[in-house]
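Asker: sequence and predicted structure are below.
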Amino acid sequence: MYSYKLKSHPNVNLIEHLRFVGDRSEELVQDKNLKYICRVTGYCHDIGKGTLYFQEYLKNPEQYLNNKEGDLKSHAHLSAIIAYFNLKDYDKEQAIISYIAVLSHHGKLKNFKEYMYIEKYEIKRLLKQYDAFDEEMNIICQELNLKLLSKEELKEIIEEIEDEVDEFNDKLNDNCDFSLYILIRYLFSILIYSDKEHAIFRDKNNISYDLPENLIDEYKIKKFGKPKLDNIRDLCYKDVIDNILKSDDRIMSITLPTGSGKTYTCMSAALKLKNKVNKDMKIIYCLPFTSVIDQNYKDYKNAIKEIKQVDEVKSSDILKHHYLSANDYKDEKYYYEGEEGRFLTHNWNSQIVVTTFIQLFNSLFSNKNNDLIRFNTLANSIILLDEVQSIPYKYWKIINKLCKEISQELNIYFIFITATQPLILGKNEIKELASKSDYYFKQCKRTKLINLPYEMEKEEFFSFVDKIIDEKKDKNILIIVNTIKLSQELFKYINENKDKNDDRKLVYLSTSVIPKSRLERIENIKNKESKNIVVSTQMVEAGVDIDMDVVIRDMAPLDSINQSAGRANRENRGEYLGEVYLVKIKDNDKLVAKYIYRDDILLESTKSVLKDKDVIYEQDYKLIGEEYFLNLNKNKSNNMSDKLEKDIYELEFEEVSKNFKLIEEQNKVQLFIELDEEATEVWNKYKTYLSIEDKFQRKNKLESIKGEFYKYVISIFKNKCKENIDNNMGFVSKYQLENTYDNDLGYKTEEDSCLIF
């Protein structure tokens, strides 16, 4: 028996790694027509590691990297050429895709045209690397049923690849669907997933799909009792479940009022759908903000814990993933952290994944290796998009087209969930599962929106707030304004002028306050131990589950106004009608809202649908919302979607990634606030871990404290920051707190009115 000596990684035989990646790639791909390309691509992806140069590098990395010929250890390009050579007679198009995937598998996908030319110095290096192939490569190729080309064939194939890629690129001028874009991302994702899985674990990480389809049914009964025919939540739930069992559509919607139980309803619908199609399917539940994720994740986790009767819920049953979540992963036997935990969490190795829009859309549009690796896990999934109205309208058209095509290509079901359904898809393109949606909205009589038609200067607004506070002494009041500066001024004004006999607690919320304090304040409001007057920025709209009597909201786009209204009389106190006052604050003859919502279409569409309406009752919110989105759709620009569509047709992966930004980049910096002893402890750990020389160990250690660390971190605009920034992080020590951080209002700065949230 032959004794293999070539290595792919320290202590890993090259043939073992190639065989695993090829076999695993073939297993992961669903389409039988793609199994051969996946196997061959996997077998070839690291075959260039069989050179003397790479083997010497493995034995002594530091010494070899200092050598002037250090770049000869590179292996991706030679491997890519051999992959093409082995596939070209089978399918030329698939051979080109394999070439691109292998060539890029240690980095990102570039614009397709960048693969067209191979520089002369690169050809020279490839020939030199070929000459350094170990004789064992012939045995490995025989074992894997691969062809190892001759040196003359290598020269010919290099020229052929340039010609084929050039010709392929010309054909893209006539491309008019997303199939190639989806296919390349899918095959690339499978390759890099299989490669990293073996490098990290030396084994497969499969999950068992055993969550019962009646999980939510049983949990709801245990928590709320048996369904009642006169309960609006139970009616909505039954309606949606009945319809999903009858639907054969790939793209569906659930349009229900705020507080009607959408969180449980959509998850139950997904579980029923999975059972109906009788297939192992991942359920990916997406929300627009990290602040909302924790509560919904906790609800689903509690359901699994209760119904499965377990003390600890496995990560393979449900996991949470966003940029602040810990990369730890628990199963029945092991606890994974560091590189292993990061791989399993980042690649959504679970039956239910609770994540953000950003993580999902990065998988769909980013060209980065770190985002693309989980693209393959979207295949055979049910994707729930909650609060879908938060997707910017400039991307509606591209998301419409991509959802329709990818749902067919990768067997994906989409469910769009909201109280105000945007026109991302036309009525003939999406199946509404809440068939009596209009009826449910008509039954909602919890709030009324009072639209004050006149504009107010700041002083007038403060007087108006004073009047409401004085008139409604027995009510919980929430005031939402658009800038931190204004919110802080208002808080100080109320604090100085509030009647001393008014025992309501004055609470401040904005992102100038560290997350730990914000969460504590929100919990205190929810506990209802006292009545409250809450001053906040629009951050309170992002799924903050508090129930107030009166809401005052500065002008905003209609979907934001609806979110604010959802904080009033949330629990439906019988005859009481929550009041939502819409005001229009101006500064220097300009609406403050225009400093924040700079896209005029949003505010103009809102003003248009609210024109001449003094009072709007909740039962009419849906009608007004539909009118708003119709107006928005009529006046919106499709320029960005059209550009993205063109770039996708032409496989401009870099351009697509650059132009799809769900959240616009802002020139902000992060500050750690050393507010208490726990903060001191975690900051000291951070400094210690930051000094670790080994970058992988350093990264793992820093990630282990991420959850605790970011409780004390705020983001502010760079030009407002007084502190020095080092390693992308500023620090406010406990000795600086008096001058820098206010216990009520948070970070002290001379803010102008452009600072938001």
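Answerer: Arrived safely.
Asker: which one's the longest helix in this structure?
Answerer: helix 179-201 (DSSP state H).
Asker: which of the residues in it are buried?
Answerer: Judged by neighbour count (16 or more other C-beta atoms under 10 Å), helix 179-201 contains these buried residues: 180-200. Bear in mind the C-beta positions are built from the backbone N, C-alpha and C, glycine included.
Asker: so for that helix, what's the average pLDDT?
Answerer: Helix 179-201 shows a mean pLDDT of 97.
Asker: again, but for stretch 341-351
Answerer: The model assigns stretch 341-351 a mean pLDDT of 95.
Asker: sorry, back to before: need the next SSE after the longest helix of the chain, C-terminal direction.
Answerer: helix 215-224 (DSSP states H and E).
Asker: that next one: what's the following helix or strand?
Answerer: By DSSP H and E, the next helix or strand past helix 215-224 is helix 232-246.
Asker: got the angle between whichever helix or strand comes after that following helix and helix 232-246?
Answerer: The helix or strand immediately downstream of helix 232-246 is strand 251-255, counting by DSSP H and E. Going by axes from the mean of the first three to the mean of the last three C-alpha atoms, to 10 degrees, strand 251-255 is angled at 170 degrees with respect to helix 232-246.
Asker: CA atoms only for strand 251-255, dumped as CSV, please.
Answerer: Taking C-alpha atoms only, strand 251-255 is exported to CSV below (Å, rounded to 0.1, in the frame of the first residue of the first chain):
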residue,chain,number,x,y,z
ILE,A,251,-43.3,33.7,-2.4
MET,A,252,-45.9,34.5,0.2
SER,A,253,-46.8,37.2,2.6
ILE,A,254,-48.3,37.6,6.0
THR,A,255,-49.9,41.1,6.4
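Asker: residues touching whichever helix or strand comes after that strand, excluding its own?
Answerer: Note on strand 251-255: by DSSP H and E, the next helix or strand toward the C-terminus is helix 262-277. Helix 262-277 is contacted by residues 209, 211-217, 219-220, 236-237, 240-241, 244-245, 254, 256, 280-281, 283, 285, 296, 299-300, 352, 382, 384, 386, 413, 415, 417, 419, 433 when judged by C-beta atoms under 8 Å, 6 or more residues apart in numbering.
Asker: those, buried ones only, as a ChimeraX selection?
Answerer: The ChimeraX command for the buried members of the contacts of helix 262-277 (criterion: 16+ other C-beta under 10 Å) is given here:
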select :211,215,216,217,219,220,236,237,240,241,244,254,256,281,283,285,296,299,300,352,382,384,386,413,415,417,419,433
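Asker: please work out the average pLDDT along stretch 611-623.
Answerer: So the average pLDDT for stretch 611-623 ends up being 93.
Asker: over to stretch 690-697?
Answerer: On average, stretch 690-697 scores 89.
Asker: show me the contact partners of it.
Answerer: Contacts of stretch 690-697 (C-beta under 8 Å, 6+ apart): 339, 698, 701, 702, 727.
Asker: residue contacts, the second one?
Answerer: Shown in contact with residue 698 (C-beta under 8 Å, 6+ apart): 689, 690, 692.
Asker: now, which of these sits nearest residue 738?
Answerer: The nearest member of the contacts of residue 698 to residue 738, counting by C-beta to C-beta, is residue 690 at 26.9 Å.
Asker: how near is that closest one to residue 304?
Answerer: Computed as C-beta to C-beta, to the nearest Å, the residue 690 to residue 304 distance reads 37 Å.
Asker: go on, residue 87?
Answerer: Applying C-beta to C-beta to residue 87 and residue 304 gives a distance of 44 Å.
Asker: compare those two (neighbour count), which wins?
Answerer: Taking other C-beta atoms under 10 Å, residue 87 and residue 304 do not tie; residue 87 has more neighbours (22 against 19).
Asker: pLDDT wise, what is the closest residue to the more buried one other than its chain neighbours at?
Answerer: Closest residue to residue 87 apart from its sequence neighbours, by C-beta to C-beta, 6 or more residues apart in numbering: residue 95 at 3.8 Å. Per-residue pLDDT puts residue 95 at 97.
Asker: residue 95 in helix, strand or coil?
Answerer: Look at residue 95: counting by DSSP: H, G, I helix; E, B strand; the rest coil, its state is helix.
Asker: how deep is it tucked in, by neighbour count?
Answerer: Neighbours of residue 95 (other C-beta under 10 Å): 23.
Asker: out of the contacts of stretch 690-697, which end up buried?
Answerer: 339, 701.
Asker: in helices only, show me the contacts of stretch 690-697.
Answerer: 339, 698, 701, 702.
Asker: can I get the residues you listed in CSV with distance to residue 628?
Answerer: Output for the ones in helices among the contacts of stretch 690-697, formatted as CSV (distance: C-beta to C-beta, whole Å):
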residue, distance to residue 628
339, 47
698, 49
701, 49
702, 44
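Asker: can you map out the helices along the stretch 651-757 of the chain?
Answerer: 653-659, 677-690, 695-704, 706-709, 737-740 (DSSP state H, counting those that start in this stretch).
Asker: which helix or strand contains residue 416?
Answerer: strand 412-418.
Asker: list the contacts of that strand.
Answerer: Residues contacting strand 412-418 (C-beta under 8 Å, 6+ apart): 250-256, 262, 266, 269-270, 273, 281, 378-389, 403, 406-407, 424-425, 430, 433.
Asker: could you list every helix and strand in contact with the helix or strand that comes right after it?
Answerer: Moving toward the C-terminus from strand 412-418, the next helix or strand (DSSP H and E) is strand 431-432. Counting contacts by 3 or more C-beta pairs under 8 Å, 6 or more residues apart in numbering; DSSP states H and E, strand 431-432 is packed against strand 251-255.
Asker: now the angle between helix 262-277 and the strand it packs on, please.
Answerer: Going by the same axes, to 10 degrees, strand 251-255 makes 150 degrees with helix 262-277.
Asker: average model confidence for strand 251-255?
Answerer: 97.
Asker: orientation of it relative to strand 412-418 in degrees?
Answerer: Using the same axes, to 10 degrees: strand 251-255 against strand 412-418 is 20 degrees.
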